[in-house]
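Asker: When you get a sec, could you give me coordinates for this:
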Amino acid sequence: MASTDTTKAVLQDAASVEAGLDALESGVVGRTPFRQTFGNKILPPLVATLVVLVVWQALISFKIVNDPTKLPSPADVGDEFKDAWLQGKLLGYIWTSVSRGLLGFLFALAIGTPLGLLVARVKFVRAAIGPVLSGLQSLPSVAWVPPAVIWLGLDNSMMYAVILLGAVPSIANGLVSGIDQVPPLFLRAGRTMGATGLKGAWHIVLPAALPGYLAGLKQGWAFSWRSLMAAEIIASSPDLGIGLGALLENGRNASSMSMVFEAIFLILFVGIAIDLLIFSPLERWVLRSRGLLVKG
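Answerer: Residues are numbered from 1 along each chain as shown. Coordinates of the predicted model:
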């Protein structure tokens with residue numbers, strides 16, 4: 001235990017020195033003023049959104065697209081949002097999908113992380129299932145929906161199975177990629193100081209592989225979300241409730257483009273919100289810990 005603590009302390013000191021040197025070279029500054037943050041990060045997406053709305057409304061106003069069954073006006077889509085809000089359904093649509101997506105992603109995280117460690121550290125396992133993981137990662141998530149329905153029926157277990165099959169390969173491959181990029185010096189230093197096996201994996205391998213692992217987590221979430229939307233669109237049922245994918249399918253069945261656009265915007269909103277609230281702060285923390293946050 002003492003040798004492991006010593007190893008961890010030595011590596012933390014080395015990482016701190018390296019991060020400090022990188023920070024001096026990259027010119028890291030203190031807290032960014034709000035005016036600069038607003039101009040660099042908030043204003044550009046607001047302007048882009050405004051441009052999209054103006055172009056969208058122009059297509060309607062100048063009758064370039066004069067068929068509301070193909071392209072509804074922004075006001076029609078806004079009315080769809082308003083009606084869903086007044087009926088108390090809007091947050092329910094979001095929560096039904098987000099709760100499934102986050103829970104399924106946590107399951108995928110619990111499975112994909114040890115699987116990635118096993119593949120990266122055991123040559124036989126890597127040779128046996130490494131190519132399978134890469135193949136599963138390239139397989140469209142929608143392909144898993146029909147067999148999942150046949151195996152598990154129309155319930156939440158089917159949804160989670162589709163999420164797992166879509167997300168686990170990405171998480172595992174991301175961790176494998178991160179471990180492959182760990183400097184051999186770190187591993188040799190850990191072995192010299194007694195950090196082997198699970199202790200070495202926890203105190204040395206995982207922290208050093210964090211950038212690649214985080215990239216795998218982001219991709220795993222993207223696959224989780226897309227897998228869930230595919231499952232909700234194809235396998236809709238009253239027992240499953242109405243999530244965003246089911247809302248999209250309901251809009252198609254009702255030939256309501258306003259509802260279709262409502263679902264699309266909500267799906268985009270959730271994806272952007274998860275990235276801004278979870279993954280972007282994690283990325284900034286990883287970069288800051290390595291002295292890689294540069295001015296501008």
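Asker: Low-confidence stretches in the stretch 101-250 of the chain?
Answerer: 187-192, 194-203 (pLDDT under 70).
Asker: Test my guess that Ile204 contacts Pro184.
Answerer: No: with contact defined as CB atoms under 8 Å, Ile204 does not reach Pro184; the gap is 11.5 Å. Where you see a C-beta, it was placed from the backbone N, CA and C, and this is true even at glycine.
Asker: Compare the two and say which one has the larger neighbour count.
Answerer: Ile204 (23 against 7; other CB atoms under 10 Å).
Asker: May I have the secondary structure class of that one?
Answerer: Per DSSP: H, G, I helix; E, B strand; the rest coil, the secondary structure class of Ile204 is helix.
Asker: and the closest residue to Gly101 other than its chain neighbours, how many neighbours?
Answerer: Using CB to CB, 6 or more residues apart in numbering and skipping the chain neighbours, the partner closest in space to Gly101 is Leu228 (5.0 Å). Leu228 has 28 neighbouring residues, counting by other CB under 10 Å.
Asker: does Leu228 really touch Thr96, like I thought?
Answerer: No: using CB under 8 Å, Leu228 makes no contact with Thr96, being 10.1 Å away.
Asker: which neighbours do the two share?
Answerer: With contacts taken as CB atoms under 8 Å, 6 or more residues apart in numbering, Leu228 and Thr96 have Gly243 as neighbours in common.
Asker: which helices and strands sit right next to the helix or strand where Ala75 lies?
Answerer: In the assignment (DSSP states H and E), Ala75 maps to helix 74-86. In this structure, helix 74-86 packs against helix 43-61, helix 90-121, helix 257-274, with contacts taken as 3 or more CB pairs under 8 Å, 6 or more residues apart in numbering; DSSP states H and E.
Asker: Can you give me every residue that contacts the residue nearest the centre of the chain?
Answerer: Closest to where the C-alpha atoms of the chain average out (CA atoms, centre = their mean) is Trp221, at 3.0 Å. The contact partners of Trp221, by CB under 8 Å, 6+ apart, come to Gly101, Phe105, Ala167, Ile274, Phe279.
Asker: Return the mean pLDDT over the one helix or strand Pro281 maps to, rounded to an integer.
Answerer: Taking DSSP H and E as the definition, one finds Pro281 inside helix 280-289. The average pLDDT within helix 280-289 is 84.
Asker: Pull the distance from stretch 77-93 to the chain's centre.
Answerer: In terms of CA atoms, centre = their mean, to the nearest Å, the centre of stretch 77-93 is found 26 Å from the chain centre.
Asker: helix or strand for the closest residue to Gly271 other than its chain neighbours, which one?
Answerer: Residue nearest to Gly271 in three dimensions, not counting chain neighbours: Trp225, with 6.0 Å by CB to CB, 6+ apart. Per DSSP H and E, Trp225 falls inside helix 210-234.
Asker: Give the next helix or strand downstream of that helix.
Answerer: Toward the C-terminus, helix 210-234 is succeeded by helix 244-253 as the next helix or strand (DSSP H and E).
Asker: chain center to stretch 127-138: distance?
Answerer: So, by CA atoms, centre = their mean, the centroid of stretch 127-138 is 20 Å from its chain's centroid.
Asker: pull the CA atoms of it into PDB?
Answerer: Extracted C-alpha coordinates of stretch 127-138, given in PDB (Å, rounded to 0.1, in the frame of the first residue of the first chain):
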ATOM      1  CA  ALA A 127      -6.300 -10.800 -30.800                       C
ATOM      2  CA  ALA A 128      -9.600 -12.600 -30.200                       C
ATOM      3  CA  ILE A 129     -12.200  -9.800 -29.800                       C
ATOM      4  CA  GLY A 130     -10.300  -6.600 -30.800                       C
ATOM      5  CA  PRO A 131     -11.400  -6.900 -34.400                       C
ATOM      6  CA  VAL A 132     -14.900  -7.800 -33.300                       C
ATOM      7  CA  LEU A 133     -15.200  -4.600 -31.300                       C
ATOM      8  CA  SER A 134     -14.000  -2.500 -34.200                       C
ATOM      9  CA  GLY A 135     -16.600  -4.300 -36.500                       C
ATOM     10  CA  LEU A 136     -19.400  -3.700 -34.000                       C
ATOM     11  CA  GLN A 137     -18.400   0.000 -33.700                       C
ATOM     12  CA  SER A 138     -19.000   0.400 -37.500                       C
END
